[in-house]
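Colleague: Quick one, what's the 3D model for this:
(one chain, ligands or ions: 2)
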Amino acid sequence: MGQVYVFANQKGGVGKTTSAFNLGVALEGIGQHVLLIDLDPQGGLTYYAGYEPDGLEETVYKCLLRDVPPGEMILTTKYGVDLLPANIDLAVAEMQLLNVPARERRLTRVINHVRDSYDYIIIDSQPSLGILTINALAAANKVIIPVACEFLSIRGTHALLKLIAKIRGTLNSTLQVAGLLPTMFDARTVHGREIIRILKTEFKEIHLYPYQVNRSIRFAESAAEQKPIFDVKIQVPGALAYRELARDLVKARLRESG
Ligand SMILES: Nc1ncnc2c1ncn2[C@@H]1O[C@H](COP(=O)(O)OP(=O)(O)OP(=O)(O)O)[C@@H](O)[C@H]1O
Ligand SMILES: [Mg+2]
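Modeller: Ligands and ions are numbered 1, 2, ... in the order given. Below is the predicted model of the structure:
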């Protein structure tokens, strides 16, 4: 049965989409079958995975709002991962969902159709704590919180943790925070190292992954070229973090299954 992870942080531009795609490809690389779900009307994950979002008729929107089973919508990619895509159609879902029964559990229903076909299902959420992100948190087993190594980025983390606690009390009692993933890390600056220290002390009860995704312009280039970071010509140190994260997910799962 597929384990469902969501990358969440209401702060924009912290590496949610980059992490979802590259972790997915890294997991495929170690023999895990992965479904990526784009739950952001910006369609960034859809684009990164090789599709032009605006050219798509069939997207996650129809699964959420019109009960179309996801099997018909899922696209294959060059990198082994499958994709349930999104585009700007999803922007109206926020409003339309307000009138739908059990509106927080729509994505859970969608995932239930395909859970058994994958080892991991990875959701990319949008930079807000609205109904789409709540659907993602209701459907997930675990949340990974990417945190850009800048002071402003840390501040929003408390609000996200509060929302997660609330979701645990209502929609999803077994939801876990898998960890904080430091992104945009610059080892040459004191500031970057200071942020890691603050994350350790301020969020003692939450796992901090012991590696960081280094800041590198190659990430933007890899997204523009619609290629995973592992496929850019020059070896990028930040890419290793995604390989380690993939191995950690698999190890965690083995531990849990005893
Ligand atoms: N480690 C990194 N170093 C430098 N740039 C990065 C890194 N990771 C991602 N980026 C770039 O930073 C920008 C934001 O990354 P990304 O889109 O993954 O963030 P996001 O959290 O999904 O953003 P949004 O909240 O808008 O969905 C992109 O241009 C991406 O290519
Ligand atoms: Mg994004």
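Colleague: could you check the distance from the residue in the stretch 151-258 of the chain positioned nearest to ligand 2 over to ligand 1?
Modeller: Of all residues in the stretch 151-258 of the chain, Ala223 sits closest to ligand 2, at 9.9 Å by CB to the ion. Quick note: C-beta positions are derived from backbone N, CA and C, even for glycine. Per CB to the nearest ligand atom, to the nearest Å, Ala223 is found 4 Å from ligand 1.
Colleague: which ones are touching that residue?
Modeller: Applying CB atoms under 8 Å, 6 or more residues apart in numbering to Ala223 gives the contacts Thr17, Thr18, Gly44, Tyr47, Tyr48.
Colleague: looking at this, it is in a helix?
Modeller: Yes - judged by DSSP: H, G, I helix; E, B strand; the rest coil, Ala223 forms part of a helix.
Colleague: Make 38 the starting number, not 1.
Modeller: Right, with 38 as the first residue, what we last looked at is Ala260.
Colleague: What pLDDT does the model give it?
Modeller: For Ala260, the model assigns a pLDDT of 97.
Colleague: and if you look at Glu94?
Modeller: 95.
Colleague: Between the contacts of Ala260, which sits nearest Thr113?
Modeller: Tyr85 (14.9 Å; CB to CB).
Colleague: Thought Ile266 was touching the closest one, still the case?
Modeller: No - Tyr85 is beyond contact range of Ile266, at 10.1 Å (criterion: CB atoms under 8 Å).
Colleague: restrict the contacts of Ala260 to contacts with ligand 2.
Modeller: Thr54, Gly81 (CB under 5 Å from the ion).
Colleague: of the contacts of Ala260, buried ones?
Modeller: Thr54, Thr55, Gly81, Tyr84, Tyr85 (16 or more other CB atoms under 10 Å).
Colleague: possible to save those as TSV with secondary structure and pLDDT?
Modeller: Compiled in TSV, these are given as follows (DSSP: H, G, I helix; E, B strand; the rest coil; pLDDT from 0 to 100):
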residue	secondary structure	pLDDT
Thr54	helix	98
Thr55	helix	98
Gly81	helix	98
Tyr84	helix	98
Tyr85	helix	98
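Colleague: and which of the residues you listed is nearest ligand 2?
Modeller: Nearest to ligand 2 among the buried ones among the contacts of Ala260, counting by CB to the ion, is Thr54 at 3.3 Å.
Colleague: Give me the nearest residue to that closest one, chain neighbours excluded.
Modeller: In space, and not counting its chain neighbours, Thr54 is closest to Gly81: 4.3 Å by CB to CB, 6 or more residues apart in numbering.
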